[in-house]
Each structure stands twice: as C-alpha cells, then as structure tokens.
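1. Okay, predicted coordinates and the sequence, questions at the end:
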Amino acid sequence: MTSGQNKIDPRTPILVGQAQVAQHIDNLESAAGPIELMSQAVREAFADAGIQNTGTKNATTIDALRVVRSLSTRNTNPARDIASILEISANEYGLTPHGGNMPQYLVNCAALQIRDNGAQMIVLTGGESFRSRRRARAAQMTLPWMELKEGQELQAPTALGEDLVMNHEIELAHKIMLPIEIYPMFETALRYRDKRTVADHQKYISELWARFSDVAATNPHAWIQQKYTAEAIRTPTQDNRMIGFPYTKLMNSNNDVDMAAALVMCSVERAEALGIARDKWIFLHAGTDCHEHNFVSHRYSFTDTPAIRIGGQRVLALAEKSIDEIENLDLYSCFPSAVQLGAESLGVSLDRQLTCTGGLSFAGGPFNNYVMHAIATTMTTLREKPQETGLVWANGGYATKHAFGVYATTPPLHGFRHESPQSEVDSLPRREVATAIDAQGPATVEAYSVMHDRDGAAEKVRASVLLADGRRAWATSDNTQLGTDMCENEWVGKTVTLDETGAISV
C-alpha cells in the first residue's frame, strides 16, 4: 500500500493494461477470426500491464472476462473460447448486446464492481474479422472460424447490459431502420437550422472529417493512416461513392476491418500485489450511462441530444472538471452529425481536436467495439502526458445510447463516481408518431436522407415530416428525380403531400 499522504483506497479501480490489434492480410486461409484476434489483444494487454506470465495463479484469478458482441463470429460464448485459448479461467464469462456504447459501459460497470463488490481483476475485449469474413463469402469460402462449433449452444454466457428496442413499429413499416439512413437525417436538420446552403454544408462537414483523417494519419493503430483533403472526402467518385446523402463513403463508419482491442482493469490492491508499475495506472474518475427516448420517432428534435448533454454534464460534475479542463477528447464519430451533436451537447467547439484515434471512418469502425480502441488510445496518451485528462463519449444506436468516462493518471480525490441520470432524460418532452393513414395530406419536411445505388445514383428518399398538430410521421419516395433534387437543393422546411402509404407525392 502506498504510504503517507499519497495513500490510495485499495478498492480504487484502475486500468493497467491495453492493447489494439489490426489484421491487414490478403491471404484468407491465414486470416484469423475474431476469437483469435481478441485472444491476441488480451494477451498483449496483460503484457502491456507487465504481467508477462498469464499462466501464474495471481494474474489469472479473474473475476470476469467480458466481450463486446461481435458481428463476425457465430460463437455463442466468445469469452469462454478466449479463456480456453489463453489457458486462463474466470468466474464469469460475459457478453453484451449490440451498441457502440458498450465498451465504456463495461468499463463503468467493472469499476463499480471493483469499488463496491470486491472484484479484483476484470478483463474486457471485443473484436471483428468482418473484412476477412466479407471477402471469404465473396469468394464462396467458409473459413473454420466462420462455422459454429458443436456444443457452443450449451455454454451460455452471462448477459450484460440493457438491450434496448430502438425501432418503432411505424419506422419498421416504412423500412427505415439503418444507421446509414437515419444519421444523414440528423445532418440535414442541422444544416437547415444553421442556415447553410447544401454546398456550404458539404464543405463544412468535409473539413471536419479531414481533421479527423489528420489524426488517424499519426495513429499507429488506425486502419487507414492517410490524410484526406476535405475536397477528396466530399467529392463522389467511383471509390468514394455517395451512400446516404449527404454522406459519401468516406463520411461513413468504416466497418470493413479486422480489429480487436482489450483492457485489463483491477483494484489498486491487486495492482500492487502484482507489482504493476505505477506509470501504467490510469484512473477512471467518473462515469455515466443514459439514453435518449428509445425511438427516433419520439425524439423532440433531430438537432438536440439531451441525454448527451445531461450525461456529459453529470460526468464532468462527478469528475469535478469543466469541459475546458479536458485536454484529450474522443467523441463518437460514426458520421459527422454524431460529432456535431456530441460537441454541441458537451459545449465543445468543433475547432478543437475531438478525436484521439481519427474516428470510425479512418481509425476503423469495428461495429460495437470502436470505443475500446478509443479508451486504449486515451490510456497511451495519458501515460505519455501524465498531467492531462481524457474524456471518452461512447454512442450506440441512432445517437441513442450513451456512456461517458473521464480518465487521468492521478487518483480521484473522492474515489470513482458513477450515476445514471436516466429519470431526468425520461421526463423530457417527446413527440407522438402518426401512422401513414393518419399522416396523409400536407406535412413539413423536418429531416431527410437520400439513399444511392452502388453506381452513385439517387435511389430512395427517407424523410421525417411534422404534421400541423406537432406529430411526427415518416415518409418515403422512390422518385429518383425528387431524390436528385434533394441532393442539390434544401428540402427541409418545405411542405409536401403524403399519400395513404406515406409516399411523397410530387
């Protein structure tokens, strides 16, 4: 135990190990699956902590090995499979539901378990081999790790976290459910509110994304370590086609990656027993978890994310910091609208460096696990700059589920603090949503996206509209002429007419 005035509560949770793995390989037969990549990341995270021999009893007395759900493995209990490969054991093998908020949520939960429930060591990991899986399917190959092993269904993991239902039945009836359709709606609403022309706003968000690519270019763990100009990012080409206007491919999360990350968390007591060097320790000062109204249909506005504002203000208050005192930020960056909403809700200027990794377009977006890479990078940054502080915002769904963490090399004065201000969010106004039959007639466009085909042509319009009584409704159109015009001119604020199916009449 550290003595004198620097004595730290032995139950204080700390992060002591981190690792990031990226597999850039063209030979599919040699490509490792997500279980192998996660196992490698856990092994390297132990090594990073200075625990070289993971076979020693003390190091591997693990309270829990928890995995962020992967989209590229069929294994039902990946944590148990990882433990088997590494020849370690845990009292619990956990698996999360889907959600980009899950890595920070797991860190918050582990910190609480260490602080309050006597846990000594918890290991977190997540990973994808989605690039290799996609390429194997295209080649009509079935790699060994793509198959479900016999007996897997008998080894159920411990379920972690809340699995929110995030699609309203009316949204599903209109087939509006994909992030690539919905995040562009936030973007067009922000553009209209800020009174930018279509061309000016494309320039604005491409300049933001160019700054993210600048960070990725200097990040040794980024999937794409290349600087892109704003013009290259916003200009549609054969390699950078328009996907959901106003987003080109380079403005979308890059899920076509093989990446994994891992974190080792323990108590100060366990770290001292293992002799983990003090300069490896990163303290989690505070954490919060909350979510917006589950359904986008019920959000009051496409330009406001109150759960980010409330959760962010609360985590800063718990950490006794202002946002201006946080030198290192990583705001969730699946699409430009997410960064704008997050920055505005947190009171951060877009001129600041808002990512430590380069974001999901360039550093890599391994579905639910990007934020574990952001936390690992934050740990590395703070070890190099021990006087500084970091904040990570994790996001899942359609800017729906949020988790926050504030990190530093120095212990928190009052110990780790955590809150979930969900009741405050739940009490906020919400809109009612109308069925297509009820919504037929005139409506005002509130937000929209235009989906494009693989040749870059406008294909389908997806729109949120407001009725005269304040209810929201969903509208669609397959009219390619309308879609093309919506890419060239501002349609938010215009009055349209809906038929009984929700189609926009032109």
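-> Nice, I can see it. Residues are numbered from 1 along each chain as shown.
2. nearest residue to residue 42 other than its sequence neighbours?
-> Leaving aside its sequence neighbours, residue 42 sits nearest to residue 262 (C-beta to C-beta, 6 or more residues apart in numbering; 4.4 Å). For glycine as for every other residue, the C-beta is placed from the backbone atoms N, C-alpha and C.
3. Report the helix of the protein that spans the greatest number of residues.
-> helix 198-217 (DSSP state H).
4. gap between the helix or strand that that one is followed by and the chain center?
-> Once the chain leaves helix 198-217, the next helix or strand it forms, by DSSP states H and E, is helix 230-234. With C-alpha atoms, centre = their mean, to the nearest Å as the basis, helix 230-234 stands 23 Å off its chain's centre.
5. ok, and for the helix or strand following helix 230-234, which residues are buried?
-> Going down the chain from helix 230-234, the next helix or strand is strand 242-245, by DSSP H and E. Neighbour-count burial for strand 242-245 flags 242-245 (criterion: 16 or more other C-beta atoms under 10 Å).
6. again, but for stretch 111-125
-> So for stretch 111-125, counting by 16+ other C-beta under 10 Å, buried means 111-115, 119-125.
7. close enough to count as contact, residue 411 and residue 284?
-> No - taking contacts as C-beta atoms under 8 Å, residue 411 lies outside contact range of residue 284: 10.3 Å.
8. Compare these two and say which one has the larger neighbour count.
-> residue 284 (29 against 19; other C-beta atoms under 10 Å).
9. does that one sit in a helix, a strand or a coil?
-> Classification of residue 284 using DSSP: H, G, I helix; E, B strand; the rest coil returns strand.
10. got it, and residue 94?
-> Relying on three-state DSSP, one would call residue 94 strand.
11. Against residue 157, how distant is it?
-> 6 Å (C-beta to C-beta, to the nearest Å).
12. so what sits against both of the two?
-> 67, 79 (C-beta atoms under 8 Å, 6 or more residues apart in numbering).
13. Between these two, which has more neighbouring residues?
-> More neighbours surround residue 94 than the other of residue 94 and residue 157, with 23 against 20 (other C-beta under 10 Å).
14. Hmm, that one is touching residue 68, no?
-> No - checked against C-beta under 8 Å, the pair residue 94 and residue 68 is beyond contact range at 9.7 Å.
15. from the chain's centre, how far out does stretch 399-406 sit?
-> Computed by C-alpha atoms, centre = their mean, the separation of stretch 399-406 from the middle of its chain amounts to 9 Å.
16. For it, the averaged confidence score.
-> What stretch 399-406 shows for mean pLDDT is 98.
17. mind saving the C-alpha coords of that stretch as CSV?
-> Taking C-alpha atoms only, stretch 399-406 is exported to CSV below (Å, rounded to 0.1, in the frame of the first residue of the first chain):
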residue,chain,number,x,y,z
ALA,A,399,-27.4,8.7,-31.2
THR,A,400,-29.5,6.7,-28.7
LYS,A,401,-27.4,5.1,-26.0
HIS,A,402,-24.6,7.0,-24.3
ALA,A,403,-21.7,6.2,-22.0
PHE,A,404,-19.1,8.6,-20.7
GLY,A,405,-15.8,8.2,-18.9
VAL,A,406,-13.2,10.7,-17.5
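18. Enumerate the positions of that stretch that are buried.
-> If you call a residue buried by 16+ other C-beta under 10 Å, then stretch 399-406 has these buried ones: 399-406.
19. Then stretch 65-78?
-> Neighbour-count burial for stretch 65-78 [16+ other C-beta under 10 Å]: 65-70, 72-73, 75-78.
20. any idea how far whichever strand or helix holds residue 437 is from the chain center?
-> Assessed by DSSP H and E, residue 437 sits inside helix 436-439. Helix 436-439 sits 34 Å away from the centroid of its parent chain (C-alpha atoms, centre = their mean).
21. Just the residues contacting it, thanks.
-> Helix 436-439 has contacts (C-beta under 8 Å, 6+ apart) with 170, 173-174, 465, 467, 471, 473-475, 498, 500-502.
22. Let me have the residues you listed in TSV, extended by neighbour count and pLDDT.
-> Formatted as TSV, the contacts of helix 436-439 follow (neighbours: other C-beta atoms under 10 Å; pLDDT from 0 to 100):
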residue	neighbour count	pLDDT
170	20	95
173	13	94
174	18	95
465	24	98
467	19	98
471	16	98
473	26	98
474	25	98
475	26	97
498	24	97
500	12	95
501	12	95
502	24	95
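23. Out of these, the closest to residue 300 would be?
-> Ranked by distance to residue 300 (C-beta to C-beta), the contacts of helix 436-439 are led by residue 471 at 11.9 Å.
24. Contacts only, for that closest one.
-> 431-434, 438-439.
25. of those residues, buried ones?
-> Applying 16+ other C-beta under 10 Å to the contacts of residue 471 flags 431, 433-434, 439 as buried.
26. Among the residues you listed, which lie within helices?
-> residue 439.
27. for the buried ones among the contacts of residue 471, which one is nearest residue 87?
-> For the buried ones among the contacts of residue 471, the nearest to residue 87 is residue 433 (52.4 Å; C-beta to C-beta).
28. Quick check, pLDDT for that closest one.
-> So residue 433 comes in at 97 (pLDDT).
29. Spit out the contact partners of it.
-> Taking C-beta under 8 Å, 6+ apart, we find residue 433 in contact with 168, 170, 295, 297-298, 471-474.
30. Residue 265 sits in which helix or strand?
-> Counting by DSSP H and E, residue 265 is part of strand 258-267.
31. Walk me through which strands that strand pairs with, and which way each runs.
-> Strands adjacent to strand 258-267 in the sheet, as given by DSSP bridges, are strand 13-22 (antiparallel), strand 121-129 (antiparallel).
32. Residue 395: which of these is closest?
-> strand 121-129 (15.3 Å).
33. buried ones in the next helix or strand after the closest one?
-> Next helix or strand after strand 121-129 toward the C-terminus (DSSP H and E): helix 130-138. Going by neighbour count (16+ other C-beta under 10 Å), the buried part of helix 130-138 is 130-133, 135-136.
34. Then stretch 309-321?
-> Those buried within stretch 309-321 under the rule 16+ other C-beta under 10 Å are 309-316, 318-319, 321.
35. And stretch 7-23, by the same measure?
-> For stretch 7-23, using 16+ other C-beta under 10 Å, the buried residues are 8, 11-23.
36. now residue 429: how far from residue 471?
-> Look at residue 429 and residue 471: by C-beta to C-beta, they are 13 Å apart.
37. quick one on the thing from earlier: return the distance of the strand holding residue 265 from the chain's centre.
-> 16 Å.
38. what helices or strands is the following helix or strand past it leaning on?
-> Following strand 258-267 in sequence order, the next helix or strand is helix 268-274 (DSSP H and E). On a contact count with 3 or more C-beta pairs under 8 Å, 6 or more residues apart in numbering; DSSP states H and E, helix 268-274 meets strand 13-22.
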